[in-house]
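Q: Pasting the sequence and the predicted model now:
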Amino acid sequence: MPHDLPKSYDPTAIEDRWAEYWVRENLFAQPTPEPDSASVRPPGEGFTILLPPPNVTGNLHMGHMFEHAESDILIRWRRMRGDRVLWVPGTDHAGIATQMLVERQVVSEGKTRQQLGREAFVERVWEWRRHYGGAILGQMKRLGASVDWQREYFTMDDNLSVAVREAFARLYEQGLIYRGAYIVNWCPRCQTAISDLEVVYDEHKGHLWEIRYPVHGDDGKETGEFLTIATTRPETMLGDVAVAIHPEDERYLHLHGKKLRLPLIGREIPIILDEWVSRDFGTGAVKVTPAHDPNDFALGERHHLPSINVMDDTAHINAEGGVYAGLDRYVARKRIVADLEEQGLLAGVKDHTNNIGHCDRCKTVVEPRLSTQWFVKIQPLADKAIAAVKPDADGKKAIRFTPEQYEKTYLNWMENIHDWCISRQLWWGHRIPAWHCGACRKITVARPGGSPDPTTCSHCGSAQITQETDVLDTWFSSGLLPVSVFGWPNITAENRADFDAFYPTSLLITGFDILFFWVARMIMLGCWFSGDVPMPDGSPRSLADSVPFREVYIHALVRDANREKMSKTKGNVVDPIEIVKQFGTDAVRFTLASMASPGTDIAFNVARTEGYRAFANKIWNAARFLFQNVDRAAEIGITVDPTALGGLPKAAPDAPLEERWIVAELNATAGKVNQSLEEYRFDEAASIIYQFFWGSFCDWYLEIVKLRLDFSETADKEKTKAALTTLVQVFETALRMLSPFMPFISEELWHAVYDGNPSTKSIALASYPTQNYQSDSSDPRAQYRMILLQDLIRVAREERKNRDIPEKESVPMIIISSFIQEFGTDSDDLVKQNIDIIQRLARISTITIADRRETASGDLNWRSVGFTEIALVHNKQIDVAAERERSKREIAQHEKNIANADRQLGNAGFLERAPAHIVEGLKKQRDEAKRLLDKARGDLDALPE
Ligand SMILES: [Zn+2]
Ligand SMILES: [Zn+2]
């Protein structure tokens, strides 16, 4: 029987089972709509989210779990509200990371990637991916992410690769892709260019070397003068082609038009004049190495200087470096500095702190280096992407950021964007679909479709063509996802239902760390390519309908309990899978949701998770109580009609107070939860649900309803049935409200409520309670009366504690008669009508309503309860001998304190030295001690002999 819940709540036992069930039953699939219905639907209607694709090499970390919990809460909530929802999962092929990982494997077998060859190596990566690539998605399945598994994508899938090729070809034809020599961040370890965003900067204590370059006269002979330059990378001097000075620098006016002899190499190089040079930095003379520095590259372009690349792909000096050829860059640096010193050309060495860029993947120091790469001319794409975020003429924004501050960050970056280097010197990834012709040197770019690859040059027809060896930046393909997962570029009349139904997506939930990497690129590529896709009715697509998503929600970071960033080196990484094993997915999800206040990072604290496991346990126990009563009721023929479940309960006007109150509370809670989720206030929503379940439902309502569940011979069956029905209705509704936050326990208990025969396969497909709390199902009078009653009971309980009344003992209570204006509540009436509630919850034997205090007899302690006063009739039992001893000890202590204070205050030396406030304080202490002494003496006198 599903009603027979195990005595204790064991999350692992239920979670594995439901996680498997949800996937097996394919519950969260969102099939392609019928073409004819799609055409009448406004685009993007419904609620669609794309999963920021985790790397195929990845394992789930706390940041993922947080992101997925927030996404899943919204998706489940929307699904239950009846929206057509879709959450699309997938993984990214992660070019560098995956290649590095497999390369390491190959090396451990004693081979190299090069020995294997490109084709065999790529096959190895595929093989690796088939075996291990699904780890993170497997973890998502276990954690119950309600994604459509039938739509799972991988960025190297055939259909997505077609989109990548089409995008490349279109941009190329539009003149927006070019090939050129440019300074890129080169990783000598990964042997590829990496993007600016993939470079992490660290402060390093290094040196600034000052080197003397001999000046030449017009005759080509040394004048005996030197121009001293300063550099942090002396090895790059091998590639120097000039030295630049500021044209107005008075120190060097006489050197205008002169030449220098480059030390060690012997090349004659010009002194050039450029206003870019800072007169204050170093010596005011700057060596110019266009092939190894972006600023120098710009200088070189301005002054038409050659570029001399002196390093190879592994950052060893090449043949241009003369005697240093073959040396590693740092070995060469040492050798060069030593040689300069020997030749008397080293003017000085200064300590210097500089920012050094490292490869984000392998931490190798990046070498700025000239190389030939493929670029996207970014301006026209960026213009659209800016327009999509800025308000239009009517003040409307096509894409809205939450929190709003990120809009500015995004725009600032987009307005200063550089051309995007899209080529990577890797083997794993989308190989650039361009062929170089050996005959005419021109490039053939091939679209997908037809014969797979071109065999002849499209310009001269030569068969001597070879495909470009570079692959595309991973973000080029992931930036296309919003269009490509819904079928772009093949949007035909028969084949556009998905695109029409799901594009633009509704929301992107992601972290700040990929705002530029991914979010910005999706906006650029999404607006650019979908803009060419007409609307279902054939009209042109506006920018508002071209955006890849209408909203971006940037979530916080998950840090450790001390607000430190989690990192492997610090050893403070919390593994979500371990925490889930300990406390259950539901408790971890609830922790993350309840801590997700906007703009604040989460300090993940296991103690909170422990608390929410206790919360789940409380709900479990409430269910057990409920089912026991349902089963007892069944024995005497009372059953709850299952058709009464599934909506929002209503209470009859003549229903008992607690029934009217809990129904009103439930409605109000549902209203607030919906409101909070609309605003991405996961923390508020979680806290409201928590308070309802733990406080209103468990602590109050369940305690009161016990009074109504009368199964005796003499019971009024109708009343019992009504009470039981409301109880089950409220619980069932509350489970649905909880479900997006704690999907597992709510699923388990919800099936049990229906005795294993619910009307739908899952609570996730039931409807969400959406009552607006301002609607007429609210019952402010019942809520107000209940608050008064709760106040009264709370004070009575407090007073019992103060008087040490044993828990089992019931005592009489006296209440002063009063009248309350609000809602015409007569407090006497309130008490009389709910006397059983007060008696049960405060353990009161009899209640007397008195007119005034004087009429009440005995020595009573009156307590105010907000609307009236109450007193409990109870003689506090005291141990006279013990009290006497206690009073005496107290008196002795006060006397001692007074004597001490008197002694100090009588000491003239102390009074002279001590600051005034100390003396003042001491006097106050003495006065207070005297007062307490008087009171203690009075207490002692009052004690019976
Ligand atoms: Zn690297
Ligand atoms: Zn050709």
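A: Received, thanks. Ligands and ions are numbered 1, 2, ... in the order given.

Q: From here on, just use CA atoms for contacts and neighbour counts.
A: Fine.

Q: just the helices in the stretch 501-650 of the chain please.
A: 521-530, 576-583, 585-594, 606-635 (DSSP state H, counting those that start in this stretch).

Q: Show me how far the last one is from its chain's centre.
A: In this case it means helix 606-635. A distance of 30 Å separates the centroid of the chain from that of helix 606-635, by C-alpha atoms, centre = their mean, to the nearest Å.

Q: could you say what helices and strands that helix packs with?
A: helix 576-583, helix 585-594, helix 717-738, helix 743-753 (3 or more C-alpha pairs under 8 Å, 6 or more residues apart in numbering; DSSP states H and E).

Q: Residue of the stretch 201-350 of the chain closest to ligand 1, please.
A: Of the stretch 201-350 of the chain, the residue with the smallest distance to ligand 1, taken as C-alpha to the ion, is T314 at 10.8 Å.

Q: typed the wrong thing, it's the stretch 451-600 of the chain
A: D473 (14.1 Å).

Q: Count the neighbours of that residue for me.
A: Neighbourhood size, D473 [other C-alpha atoms under 10 Å]: 25.

Q: do E807 as well
A: So E807, with other C-alpha under 10 Å, has 11 neighbours.

Q: Kindly report the same for A929.
A: 20.

Q: now the helices for the stretch 651-800 of the chain?
A: Counting by DSSP H, counting those that start in this stretch, the helices of the stretch 651-800 of the chain are 657-678, 682-690, 702-705, 717-738, 743-753, 780-802.

Q: name the helices or strands packed onto the first one?
A: To tie it back to what came earlier, the one meant is helix 657-678. If you count contacts as 3+ C-alpha pairs under 8 Å, 6+ apart, helix 657-678 packs onto helix 682-690, helix 717-738, helix 780-802.

Q: got those helices as TSV, with mean pLDDT, mean neighbour count and distance to E268 columns?
A: Compiled in TSV, those are given as follows (pLDDT from 0 to 100; neighbours: other C-alpha atoms under 10 Å; distance: least, C-alpha to C-alpha, whole Å):
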stretch	mean pLDDT	mean neighbour count	distance to E268
helix 682-690	96	21	68
helix 717-738	94	22	78
helix 780-802	89	18	92
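
Q: quick one: which of those is nearest A764?
A: helix 717-738 (8.0 Å; C-alpha to C-alpha).

Q: Please enumerate residues in contact with that closest one?
A: 626, 629-630, 638-641, 644-649, 651, 659, 662-663, 666, 670, 689, 693, 705, 708-711, 746, 749-750, 753, 763-764, 766-769 (C-alpha atoms under 8 Å, 6 or more residues apart in numbering).

Q: Distance from that helix to the middle of the chain?
A: For helix 717-738, the separation from the chain centroid amounts to 36 Å (computed by C-alpha atoms, centre = their mean).

Q: any idea of the angle it forms with helix 682-690?
A: With axes from the mean of the first three to the mean of the last three C-alpha atoms, to 10 degrees defining the directions, helix 717-738 sits at 160 degrees from helix 682-690.

Q: returning to what we had before: want to throw the helices of the stretch 651-800 of the chain into JSON lines with distance to ligand 2?
A: Shown next, in JSON lines, are the helices of the stretch 651-800 of the chain (distance: least, C-alpha to the ion, whole Å):
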{"stretch": "helix 657-678", "distance to ligand 2": "58"}
{"stretch": "helix 682-690", "distance to ligand 2": "60"}
{"stretch": "helix 702-705", "distance to ligand 2": "84"}
{"stretch": "helix 717-738", "distance to ligand 2": "66"}
{"stretch": "helix 743-753", "distance to ligand 2": "61"}
{"stretch": "helix 780-802", "distance to ligand 2": "83"}
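
Q: Now render these as a markdown table, adding distance to F583.
A: Below are those laid out as a markdown table (distance: least, C-alpha to C-alpha, whole Å):
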| stretch | distance to F583 |
| --- | --- |
| helix 657-678 | 25 |
| helix 682-690 | 17 |
| helix 702-705 | 26 |
| helix 717-738 | 17 |
| helix 743-753 | 12 |
| helix 780-802 | 33 |
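
Q: Could you list everything I229 pairs with in the sheet?
A: Judged by DSSP bridges, the bridge partners of I229 are I211.

Q: And for it, the neighbour number?
A: For I229, using other C-alpha under 10 Å, the count is 22.

Q: next structured bit after the helix or strand of the chain with the lowest mean pLDDT?
A: Counting by mean pLDDT, DSSP states H and E, the chain has its least confident helix or strand at helix 35-40, which shows a mean of 52. The helix or strand immediately downstream of helix 35-40 is strand 47-50, counting by DSSP states H and E.

Q: Kindly provide the distance from whatever residue of the stretch 51-200 of the chain ends up closest to ligand 1 to ligand 2.
A: At 4.2 Å from ligand 1, C190 is the closest residue in the stretch 51-200 of the chain, using C-alpha to the ion. Separation of C190 from ligand 2 (C-alpha to the ion, to the nearest Å) stands at 32 Å.

Q: Begin at 214, not 1, for the rest of this chat.
A: In the new numbering, first residue 214, that becomes C403.

Q: What sits closest to the residue nearest the centre of the chain if chain neighbours are left out?
A: With distances taken as C-alpha atoms, centre = their mean, H768 lies nearest the centre of the chain, 3.5 Å away. Nearest residue to H768, sequence neighbours excluded (C-alpha to C-alpha, 6 or more residues apart in numbering): G724, at 5.4 Å.

Q: and what of M955?
A: D799 (4.6 Å).

Q: Show me which residues of the protein are close to ligand 2?
A: 650, 653, 670, 673 (C-alpha under 5 Å from the ion).

Q: Looking at these, which are in helices?
A: Residues from these lying in helices, with DSSP state H as the criterion: none.

Q: So for ligand 1, which of the helices of the stretch 864-1013 of the chain sits nearest?
A: helix 895-903 (38.3 Å).

Q: Which residues does the closest one contact?
A: By C-alpha under 8 Å, 6+ apart, helix 895-903 touches 283, 803, 806-810, 828, 882, 885-887, 889-890, 950-951, 954.

Q: Please pick the buried ones from those residues.
A: Among the contacts of helix 895-903, the ones that count as buried by 16 or more other C-alpha atoms under 10 Å are 283, 803, 806-810, 828, 882, 885-887, 889-890, 950-951, 954.

Q: low-scoring stretches of this protein, by residue?
A: 214-215, 248-258, 662-664, 984-990, 1032-1037, 1066-1072, 1089-1091, 1158 (pLDDT under 70).

Q: For it, which residues are neighbours of ligand 1?
A: Counting by C-alpha under 5 Å from the ion, the chain sits next to ligand 1 at 400, 402-403, 572, 575.

Q: Which of these ranks first by neighbour count?
A: C400 (27 neighbours).

Q: quick one: T436 is in a helix?
A: No. T436: not assigned to a helix; according to DSSP: H, G, I helix; E, B strand; the rest coil it is strand.

Q: I'd say it and H429 touch.
A: Yes. The criterion here is C-alpha atoms under 8 Å, and T436 meets it with H429 at 5.6 Å.

Q: Who has more neighbours out of the two?
A: Neighbour count, other C-alpha under 10 Å: between T436 and H429, H429 has more, with 21 against 13.

Q: residues in contact with the host helix or strand of A406?
A: Assigned by DSSP H and E, A406 belongs to strand 405-407. Here strand 405-407 makes contact (C-alpha under 8 Å, 6+ apart) with 397-400, 572, 636-639.

Q: Show me what that strand pairs with in its sheet, parallel or antiparallel.
A: With DSSP bridges as the test, strand 405-407 pairs up with strand 390-400 (antiparallel).

Q: Buried residues, the partner strand. List them.
A: In terms of neighbour count (16+ other C-alpha under 10 Å), strand 390-400 has its buried residues at 390, 395-400.

Q: just stretch 846-857 next, same as before
A: 846, 851, 853, 855.

Q: again with stretch 1055-1066
A: 1055-1057, 1060, 1062-1063, 1066.

Q: What is the nearest of the buried residues of stretch 846-857 to ligand 1?
A: Among the buried residues of stretch 846-857, P855 lies closest to ligand 1 (C-alpha to the ion), at 62.1 Å.

Q: In contact with that closest one: list those residues for me.
A: If you count contacts by C-alpha under 8 Å, 6+ apart, then P855 has Y967 around it.
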